[in-house]
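**Q** Got a predicted structure plus its sequence, pasted below:
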Amino acid sequence: MSTDTPQAESEVSIESRLSAAFAAEETESPEAAPVEAAPEASEEPTTEVETEEVPEDVFEFEADDGTTLKLPAAVEKAVLRQRDYTQKTMQLAELQKQAHDRLQYAEAREQLSAAVMEDVTQLRSIESQLKQYQDADWPALYEANPGQALRFQQVMRDLEKQITQKQQEINAKVQHVQQATQKHNQFQWEAAEKGARQMIGEISAADNAAMLRTVESLGITPKEFKERFADPRIIAAVHKAAKWDSLQSSKPQAVKTANQAPPVVKPGASKGPSQAADRKYQDTRASLRKSGSVEDAAKLFLLRGR
């Protein structure tokens, strides 16, 4: 009996659910049946066409992690303005870090330098005292008062120990200053490199080589440049100067190649409609010989390709 009752209840409940479902479908079907539903279906292709035109109203934005995002064109100016503001804020933050590090280093160096100078003063005083004992007439002192001579010898040994200890203290402080200077210079240069990349983007190996040539042409060694000019603005200026130097160095070769170019119209060739083009080529070539400009060289190459 216990098994029959659940079956009956389940059959009733299923029937109830089915009838309720059919009743819902019958209730909803009149609303889905009207003719007005057809225009809704016809409007869907219009919606699809509009979605296809959406890419024309978007722009691609490269995020900091390298991913490319598609954003509405309406916010392009705002996004670019925000990115520019963020870059400038980051650059300012790096400059502030550098300035804070320089201040801390200057204060620490001043304190250490003062301590070293005090130790040096004490060292010179001890050395002066030792010299007085060393210059004494020891044979006469032993003859007059052997006990006192022995005491003076002990004082001399103590002074020598003090000198050795003071020299070790000075060397340790000097080494500490050197290590602090090296760490300070490394921090300054890394911060300068980071700030420079924020200003001009990634720096390739070719850019580095060109910048090195520009720096060395000014008589500055790489070590000196890193220690004295660790500033992102200076690095950006050197990068720009290196680009200009590379452009200028390629200019003579372009002019030489253009000057060695053969004429467009060979001797004995037909002088039909190409005569005007030949005249223009000769004029451009003569202009290039006088000016030596890259623009005239480019024009000459274009005329050769016709």
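**A** Cool, the structure landed.

**Q** what mean pLDDT does the strand or helix carrying residue 163 have?
**A** Using DSSP states H and E, residue 163 sits in helix 146-200. Average pLDDT, helix 146-200: 90.

**Q** And that helix, what does it pack against?
**A** For helix 146-200, the packing partners by 3 or more Cβ pairs under 8 Å, 6 or more residues apart in numbering; DSSP states H and E come out as helix 76-134, helix 138-144, helix 222-228, helix 232-259. Every residue, glycine included, has its C-beta placed from N, CA and C.

**Q** Tell me the helix or strand right after the last one.
**A** Towards the C-terminus, the helix or strand next in line after helix 232-259, according to DSSP H and E, is helix 274-291.

**Q** which parts of that following helix are buried?
**A** Of the residues in helix 274-291, those with enough neighbours to count as buried (16 or more other Cβ atoms under 10 Å) are 281, 284-285, 288.

**Q** For residue 211, give its distance to residue 249.
**A** Using Cβ to Cβ, to the nearest Å, we find residue 211 at a distance of 14 Å from residue 249.

**Q** Compare the two (neighbour count), which wins?
**A** residue 211 (22 against 11; other Cβ atoms under 10 Å).

**Q** That one touches residue 244, doesn't it?
**A** No. Applying Cβ atoms under 8 Å, one finds residue 211 not in contact with residue 244, separated by 11.7 Å.

**Q** Quick one: mean pLDDT for stretch 250-267?
**A** Averaging pLDDT along stretch 250-267 gives 59.

**Q** Can you tell me the closest non-neighbouring residue to residue 98?
**A** The shortest distance from residue 98 to any residue other than its chain neighbours is 5.0 Å, reached at residue 191 (Cβ to Cβ, 6 or more residues apart in numbering).

**Q** What residues does that neighbour make contact with?
**A** The neighbours of residue 191, taking Cβ atoms under 8 Å, 6 or more residues apart in numbering as the test, are 94, 97-98, 101, 230, 232.

**Q** Which of the buried residues of helix 274-291 sits closest to residue 146?
**A** Closest to residue 146 out of these is residue 288 (101.7 Å), distances taken as Cβ to Cβ.

**Q** Can you tell me how far that closest one is from residue 275?
**A** When distances are taken as Cβ to Cβ, residue 288 and residue 275 turn out to be 20 Å apart.

**Q** And residue 206, by the same measure?
**A** In this structure, residue 206 and residue 275 are 45 Å apart, going by Cβ to Cβ.

**Q** burial measure for residue 192, as a count.
**A** Based on other Cβ under 10 Å, the number of other residues close to residue 192 is 22.

**Q** these two touch, right, it and residue 231?
**A** Yes. In this structure residue 192 lies within contact range of residue 231 using Cβ under 8 Å: 5.6 Å.

**Q** what's the overlap in contacts for the two?
**A** In terms of Cβ under 8 Å, 6+ apart, residue 192 and residue 231 are both contacted by the residues residue 98.

**Q** is it possible to export the helices and strands packed on helix 146-200 to a markdown table including distance to residue 151?
**A** Converted to a markdown table, those look like this (distance: least, Cβ to Cβ, whole Å):
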| stretch | distance to residue 151 |
| --- | --- |
| helix 76-134 | 11 |
| helix 138-144 | 10 |
| helix 222-228 | 53 |
| helix 232-259 | 64 |
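
**Q** With respect to residue 184, which of those lies nearest?
**A** Of all the helices and strands packed on helix 146-200, helix 76-134 sits nearest to residue 184, with 4.4 Å by Cβ to Cβ.

**Q** tilt between the closest one and helix 232-259?
**A** Helix 76-134 and helix 232-259 are oriented at 110 degrees to each other (axes from the mean of the first three to the mean of the last three Cα atoms, to 10 degrees).

**Q** Remind me what helix 76-134 packs against, helices and strands.
**A** Contacts defined by 3+ Cβ pairs under 8 Å, 6+ apart place helix 76-134 against strand 58-62, helix 146-200, helix 232-259.
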